[in-house]
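**Q** Prediction below, plus the sequence it came from.
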Amino acid sequence: KSFFRGLSVMGCCQSSKAAHAAPKATQEKPKQQPAPIGVQGILQEPDDPTPPKPEPPKPEKKEEEVIVGGGTGVVEVSAHIPENLKPAVEAFRVRFGNGCWETNRKGDTEADDSEWEPLSATFSECVDAFLYIYNQDGQAANKRVEVEDFLDGLKGQVDLDFYTAACTVKGRHRIFPLRRRSNRQQTHPPPPPKWHPWYEKQVQKCVKPGDWLTNEFFISAFCQAVQKTGGQITEKEAWELFDFRYNQDYRDTKESDVKLERRGGVLYQVPRGWKRFAIKAKGNYGGDNTWMRMNNEPGEWAVAYHGTNMKVVPNIIRSGFRVGAGQGAKKTLDSRTREQVGEGVYCTPNLPVAECYSNGKEDNASEQQDTVVKVDGKEVFFAFQCRVDPTKIRRPSRPFARCNDEEIMGIDGCFEWIIGSEFIRPYGVLVRDKQALPHTPLAQLIGNGRWNKSHEPKPPGYFASQVPGGPNHDQLHDPEQLLRSYEVAKNYMGSQR
């Protein structure tokens, strides 16, 4: 029979199940050695009603030397945990060494070592004991246990399968990853290159059963697209560029469900028909990650899209954007300020425009005859999803697109923005099947004055009335400048022009 079947220790650690009632009193038994820890961590009587034979006195216990992270050490068990847990702690540490459990307050399993925080000795010893018992028994009922003295004195609901601890922080339910280290070596869960179990769980949440556009398919198609256009990358290198926990799938989003929103105070719509594969962008730009938020708070950046030759995409992900040679709009005037826009990186809030530049195929209004790559019968488009500093956006007035002010023309009527290379940050690669949505070539978008004729300007305040811009709206979208943009648009754009 299994020695351990789960436990619950009142006052220090508790299982997620209620404790079983203690067995009914029977006739007095002769004194004996304590029974094994039972189903709920209390001392239970053995199944055999016959009293066991008295055991000979045990010799004085000696400390056992064990290998700890490559060196010798002594099994350490403090006096802070209940006596009936100590045998499990000792057994666990004989095998894995004295260790300390750690967590990351941001909930990030991929954080640097410096961002992991050591937890208390009491918590560490209790988790060691619970993990030993769970590994011996394997019963699902014992995989979640409540342990005291987690973070800031809070109790943690520990999941021994996913190596996490959950608790309520300031009224919000949070899940924190756990790991155990001994002598600077990770013992639990298995160290890299294996993924943390909680990371894998988060990745799987973003995967649809039976979907063709898996992470594996994406990596294969991404590498082929880069290599086909003259770039170099291996699949191993490609896996390192992405964080699939934050993928987002918009392919099943109905057109009627797409609502006008704001990011960083600027108009935004979700990329319907596309799936985003998240780039490892957190912490890459110094400071915090406020720029990636989605609540329209100060410090958040706007969303823009960018299509380019796939051979340079890995370098952009690693090192950021650079101002390219093609600067056709640099001498044009900004729709708002009426000053020259100068050089910069070209981007757009309008995804169908970025799609035309996927792999750079449609520059000079040439039609894209071939998509970037064909894999397993699928032809796919790629595009960058980026964040841009909303205070640095320049809106050129081009002959074929006279007003690129989204507050006047809306997103569908905005052809392009220009931004300094230090003010644009990629955070996702978008992918879609060419057959899933109709593709309008660039020549059909802007040829023969089509763009100017097919988009009607709206008076200043029209979009703000639909989607309020927040307390800083007038600072970001100066009313006098919006009026200037509107005057330009009225003179050159709309079906009556």
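**A** Okay, I see it.

**Q** Tell me where the stretch 101-250 of the chain has helices.
**A** 121-137, 197-204, 215-228, 235-239 (DSSP state H, counting those that start in this stretch).

**Q** which of these sits most buried?
**A** helix 121-137 (a mean of 23; mean count of other C-beta atoms under 10 Å). (Glycine included, C-beta is placed from N, CA and C.)

**Q** who does it touch, helix- and strand-wise?
**A** Applying 3 or more C-beta pairs under 8 Å, 6 or more residues apart in numbering; DSSP states H and E, we find helix 121-137 packed against strand 13-15, helix 86-96, strand 100-103, strand 144-147, strand 156-159, strand 172-182.

**Q** Any chance of TSV for the ones you listed, columns mean neighbour count?
**A** Listed next are those as TSV, based on neighbours: other C-beta atoms under 10 Å:
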stretch	mean neighbour count
strand 13-15	22
helix 86-96	19
strand 100-103	21
strand 144-147	23
strand 156-159	22
strand 172-182	19
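
**Q** among the ones you listed, which is nearest residue 227?
**A** strand 172-182 (35.0 Å; C-beta to C-beta).

**Q** ok but residue 440 is inside a strand, no?
**A** No - with DSSP: H, G, I helix; E, B strand; the rest coil as the criterion, residue 440 is located in coil rather than a strand.

**Q** and the closest residue to it other than its chain neighbours, how many neighbours?
**A** Among residues not flanking residue 440 along the chain, residue 352 sits closest, at 6.1 Å (C-beta to C-beta, 6 or more residues apart in numbering). By the measure other C-beta atoms under 10 Å, the count of residues near residue 352 is 16.

**Q** same deal with the one 4 residues further on?
**A** Residue 356 sits with 26 neighbouring residues when counted by other C-beta under 10 Å.

**Q** Tell me the backbone dihedrals of it, please.
**A** In terms of degrees, to the nearest 10, the main-chain angles of residue 356 are phi -70, psi -20.

**Q** got a pLDDT number for it?
**A** Note for residue 356: predicted pLDDT of 87.

**Q** How about residue 431?
**A** In this prediction residue 431 is given a pLDDT of 95.

**Q** Where does it sit, in terms of helix or strand?
**A** According to DSSP states H and E, residue 431 maps onto strand 424-433.

**Q** What strands flank that strand, and is each parallel or antiparallel?
**A** The pairing partners recorded for strand 424-433 under DSSP bridges are strand 275-278 (antiparallel), strand 378-388 (antiparallel).

**Q** Mind listing residues that contact the shortest one?
**A** So that's strand 275-278. Contact with strand 275-278 is made by 213, 215, 218, 242-251, 385, 427-432, as judged by C-beta atoms under 8 Å, 6 or more residues apart in numbering.

**Q** can you map out the helices along the stretch 301-450 of the chain?
**A** Using DSSP H, counting those that start in this stretch, helices in the stretch 301-450 of the chain cover 313-319, 351-356, 406-409, 442-446, 450-454.

**Q** Report the buried residues of stretch 107-126.
**A** 108-111, 116, 119-126 (16 or more other C-beta atoms under 10 Å).

**Q** ok, and what's touching stretch 192-205?
**A** Outside stretch 192-205, the residues within contact range by C-beta under 8 Å, 6+ apart are 109-110, 161-164, 175, 177, 179, 189, 215, 244-245, 247.

**Q** If you average the pLDDT over it, what comes out?
**A** Stretch 192-205 comes out with an average pLDDT of 93.

**Q** cool, stretch 451-464 as well?
**A** Rounded mean pLDDT across stretch 451-464 is 95.

**Q** and the spatially closest residue to residue 247 that is not a sequence neighbour, what does it touch?
**A** Closest residue to residue 247 apart from its sequence neighbours, by C-beta to C-beta, 6+ apart: residue 206 at 4.1 Å. Contact analysis of residue 206 by C-beta under 8 Å, 6+ apart lists 244-249.

**Q** just these now: which is nearest residue 262?
**A** Nearest to residue 262 out of those is residue 248 (C-beta to C-beta; 17.7 Å).

**Q** Where does the prediction get shaky in the stretch 251-400 of the chain?
**A** 359-372 (pLDDT under 70).

**Q** Tell me which stretches of it form strands.
**A** Using DSSP state E, counting those that start in this stretch, the strands of the stretch 251-400 of the chain run over residues 261-263, 266-268, 275-278, 302-306, 345-347, 373-375, 378-388.

**Q** what's the fourth one in contact with?
**A** Think strand 302-306. Contacts for strand 302-306 (C-beta under 8 Å, 6+ apart): 263-266, 268, 271, 321, 345-351, 353-354, 357, 383-390, 393, 417, 419, 424, 426, 430.

**Q** got it, and the fifth one?
**A** Under the contact criterion C-beta under 8 Å, 6+ apart, strand 345-347 has outside partners 304-306, 321-324, 326, 329, 354, 386, 388, 416-421, 424.

**Q** what's the distance between it and the middle of its chain?
**A** In terms of C-alpha atoms, centre = their mean, to the nearest Å, the centre of strand 345-347 is found 25 Å from the chain centre.

**Q** what does the third one give?
**A** If you compare the mean C-alpha spot of strand 275-278 with that of the full chain, they lie 10 Å apart, counting by C-alpha atoms, centre = their mean.
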